[in-house]
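J.: Would you be able to build a 3D model of this:
(one chain, ligands or ions: 2)
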Amino acid sequence: MKSVDAHLAGILATVRPLAPLELELEQTLGTTLAEDVTSPVPLPPFDNSAMDGYAVRAEDLAELPVTLPVIDDVAAGSVELRAVGPGHTVRIMTGAPMPAGADAVVPVEWTDGGTVSVRIDRRAEAGNAVRRAGEDVQAGEVVLKAGIVIGPAQLGIIAGVGRRRVLARPRPRVVVVSTGAELVEPGGTLAPGQIWESNSYTLAAAVREAGAEGFRAGSVGDDPAVLLDRLDTHLVRADAIITTGGVSMGAYEPVKEALSPLGTVRFEKVAMQPGMPQGFGVLGEDEVPIFALPGNPVSSFVSFMLFVRPALDRMRGLPGGLPETVTATVTGPLRSPPGRRSYLRGVLAPDGTVTPVHGQGSHQLAALALANALIVVPEDVTEVESGSAMEVVRL
Ligand SMILES: Nc1nc2c(c(=O)[nH]1)N[C@H]1C(S)=C(S)[C@@H](COP(=O)(O)OP(=O)(O)OC[C@H]3O[C@@H](n4cnc5c(N)ncnc54)[C@H](O)[C@@H]3O)O[C@H]1N2
Ligand code: MOO
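T.: Ligands and ions are numbered 1, 2, ... in the order given. Sure, this is the predicted structure:
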């Protein structure tokens with residue numbers, strides 16, 4: 001059997017980062033910046049007030065209280081400013097440019113709030129409540145480096161330096177196809193032998209959580225020709241495809257039957273539990289990566305975390321690898337098949353313990369839904385005593 005690490009290494013050697021595109025600002029959330037972004041101007045671009053109050057010359061506040069004539073009113077956005085001469089003041093709002101001559105702002109709370117003249121009761125030192133030009137960013141300074149993932153704050157600073165568009169690697173578009181004649185869309189009625197289809201929902205959601213776009217392409221039955229047709233339809237708009245089901249040893253394995261003859265997708269057993277049967281390869285002229293995951297709901301989800309998510313990271317221009325682990329103390333005994341790495345479902349608590357959930361079967365989706373962690377049991381370990389320290393993947 002192939003090891004988990006070897007299978008992932010093969011996948012990462014095949015998938016490539018997506019080409020960067022000029023994206024509109026609104027489309028950049030979750031994309032990976034592919035250029036250094038600089039500011040054309042200092043930020044703030046001009047000295048301005050940090051508070052609503054009065055722009056003064058600090059030296060005029062030597063004796064308090066003092067009453068000064070208010071010679072002007074400046075709001076944020078004001079352009080024509082009167083200079084503040086000795087013994088004068090200007091009413092000023094937060095964000096408004098500092099008038100020439102003034103070197104401090106007295107917050108309105110320290111005054112009587114007058115509009116013709118104002119009585120000031122408290123001293124403000126030079127520089128008080130003044131935001132200096134360039135104190136956030138210098139002109140020409142790099143504000144974001146290529147390679148970072150754009151979140152809300154990063155999107156904000158791109159707008160804040162005046163850019164409408166930016167070069168970024170887009171979120172990979174991933175199409176999810178389920179296979180199985182027994183599958184019924186949620187909301188429909190079950191006939192004997194049928195179950196509600198859940199994998200495509202789980203996986204499309206996991207794709208989105210991994211910073212990509214997930215599209216459900218519905219489920220197909222057990223006919224390989226129908227599956228090939230469905231894949232063909234979606235290939236043009238997909239950066240990657242995920243199928244579930246139809247990869248083990250049964251009499252009707254549509255994914256294996258449809259894709260094996262192409263010669264570009266390999267079906268193998270990977271030394272893990274759950275998720276042993278795995279298919280991976282490329283499809284079509286554009287060599288779109290395809291992940292043929294096992295049908296059991298827990299198996300397909302664990303396979304996603306170990307193989308698809310790192311591949312999506314790589315496509316996004318990020319380093320892709322096995323999920324990070326933390327060490328936790330297990331509160332019960334564990335069993336694992338020899339020679340296979342198990343990913344058992346558990347609840348990780350703030351006190352550093354992890355409790356295995358009841359129901360470790362690869363069909364037990366409800367038990368997975370109770371878990372927030374996968375407990376990793378190495379290949380050479382078959383029994384783990386309660387109280388042992390184990391590596392755990394947070395979900
Ligand atoms: N003789 C053997 N039988 C099996 C082996 C084996 O090595 N030899 N491997 C087992 C393992 S391990 C797994 S995992 C499964 C993988 O099976 P398939 O990938 O072929 O998946 P299916 O047979 O289509 O389905 C398995 C199971 O999952 C349910 N399922 C499938 N798709 C969905 C869906 N979209 N939503 C919800 N549930 C789904 C399906 O009804 C089956 O119960 O094979 C073992 N057998
Ligand atoms: O390895 Mo299968 O994925 O047990 O359920």
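J.: ok, Arg163 - contacts?
T.: Counting by Cβ atoms under 8 Å, 6 or more residues apart in numbering, Arg163 touches 25, 37. The way it works is simple: take the backbone N, C-alpha and C, and place the C-beta from them, glycine included.
J.: Secondary structure element holding it?
T.: For Arg163, there is no host helix or strand (DSSP states H and E).
J.: ditto for Val177
T.: Applying DSSP H and E, one finds Val177 within strand 173-179.
J.: For the next helix or strand along the chain from that strand, which helices and strands make contact with it?
T.: For strand 173-179, the following helix or strand on the C-terminal side (DSSP H and E) is strand 183-184. Counting contacts by 3 or more Cβ pairs under 8 Å, 6 or more residues apart in numbering; DSSP states H and E, strand 183-184 packs against strand 195-196.
J.: rewinding a little: now for the strand holding Val177, which elements pack on it?
T.: helix 199-209, strand 213-220, helix 224-235, strand 240-244.
J.: could you redo the last one with a cut-off of 10 Å?
T.: helix 199-209, strand 213-220, helix 224-235, strand 240-244, helix 254-259, strand 288-293, helix 309-315 (3 or more Cβ pairs under 10 Å, 6 or more residues apart in numbering; DSSP states H and E).
J.: buried ones in the second one?
T.: Meaning strand 213-220. Neighbour-count burial for strand 213-220, counted by 16 or more other Cβ atoms under 10 Å, picks out 213-217, 219-220.
J.: and of these, the nearest to ligand 1?
T.: Ser219 (6.0 Å; Cβ to the nearest ligand atom).
J.: need the contact list for the residue lying closest to the closest one once chain neighbours are set aside.
T.: In this structure, Ser219 finds its nearest non-sequential neighbour in Ser178, 3.8 Å apart by Cβ to Cβ, 6 or more residues apart in numbering. Neighbour list for Ser178: 197-201, 203, 216-220, 242-246, 293, 295, 300 [criterion: Cβ atoms under 10 Å, 6 or more residues apart in numbering].
J.: again with Gln278
T.: Applying Cβ under 10 Å, 6+ apart, the residues contacting Gln278 are 2, 4, 7, 11, 247, 266-270, 272, 291-294, 299, 303, 306-307.
J.: Please repeat the previous calculation with a cut-off of 6 Å.
T.: By Cβ atoms under 6 Å, 6 or more residues apart in numbering, Gln278 lies in contact with 268, 270.
J.: Which pLDDT does the model give it?
T.: Looking at Gln278, its pLDDT stands at 97.
J.: Show me what it bridges to in the sheet.
T.: Glu268 (DSSP bridges).
J.: any idea how far Leu18 is from Leu167?
T.: To Leu18, Leu167 is 12 Å away according to Cβ to Cβ, to the nearest Å.
J.: what residues does the stretch 251-395 of the chain put near ligand 2?
T.: By Cβ under 6 Å from any ligand atom, the residues of the stretch 251-395 of the chain that approach ligand 2 are 273-276, 294, 296, 299, 362.
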